[in-house]
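**Q** okay, structure incoming, though there's no sequence with it:
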């Protein structure tokens, strides 16, 4: 069964860092683009970052320069390094894929699937 498992979330103060992991089970993710998304309380899920099969990366403007996505195909895992966290980054973070090798669908969520349970990130003073 194809599944993503997100981990690495936590409660931190503004300016601190977290590294999220997105581990795939039931399939090999090296052929696919993988996206990270988040959902804040009372808001719709939004795209945060995406990495293509070949390693090209995409970010929404609010996280550029602070977040870095990278993949370790040997570990079948995609990571999201989050530095300089802000309260606006609070939310549940999810990873997903479209079955494609590119991030064409990003940042929209419509074509992404195989959502995991997510990992909670809370940033507060």
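**A** Now that the structure is in, tell me what you want to look at. Every value quoted in this text rests on a predicted model; they were computed, and no experiment measured them.
**Q** gap between residue 15 and residue 115?
**A** Residue 15 sits 29 Å away from residue 115, going by Cβ to Cβ, to the nearest Å. C-betas here are computed from N, CA, C, even on glycine.
**Q** which one of those two has more residues nearby?
**A** Ranked by neighbour count (other Cβ atoms under 10 Å), residue 15 and residue 115 place residue 115 first, with 16 against 11.
**Q** which ones are touching the more buried one?
**A** The contact partners of residue 115, by Cβ atoms under 8 Å, 6 or more residues apart in numbering, come to 4, 94, 95, 96.
**Q** quick check, nearest of these to residue 86?
**A** Taking Cβ to Cβ as the measure, residue 86 lies nearest residue 94 of these, at 19.1 Å.
**Q** what helix or strand is that closest one on?
**A** Using DSSP states H and E, residue 94 maps to strand 91-97.
**Q** give me the contact list for that strand.
**A** Residues contacting strand 91-97 (Cβ under 8 Å, 6+ apart): 4, 6, 9, 20, 22, 29, 32-41, 43, 45, 48, 78, 80, 109, 112-116, 118-121.
**Q** any idea what residue 6 is bridged to?
**A** Bridge pairing for residue 6 (DSSP bridges) gives the partners residue 22.
**Q** next one: it from residue 104, what distance?
**A** As judged by Cβ to Cβ, residue 6 and residue 104 stand 23 Å apart.
**Q** same deal with residue 63?
**A** In terms of Cβ to Cβ, residue 63 sits 20 Å off from residue 104.
**Q** looking at these two, which is more packed in?
**A** Taking neighbours as other Cβ under 10 Å, residue 63 and residue 104 compare with residue 63 leading, 22 against 13.
**Q** now do the contacts for that one.
**A** By Cβ under 8 Å, 6+ apart, the residues touching residue 63 are 48, 49, 82, 89.
**Q** next one: the third one from residue 45, what distance?
**A** The reference is to residue 82. 17 Å.
**Q** done for today, thanks.
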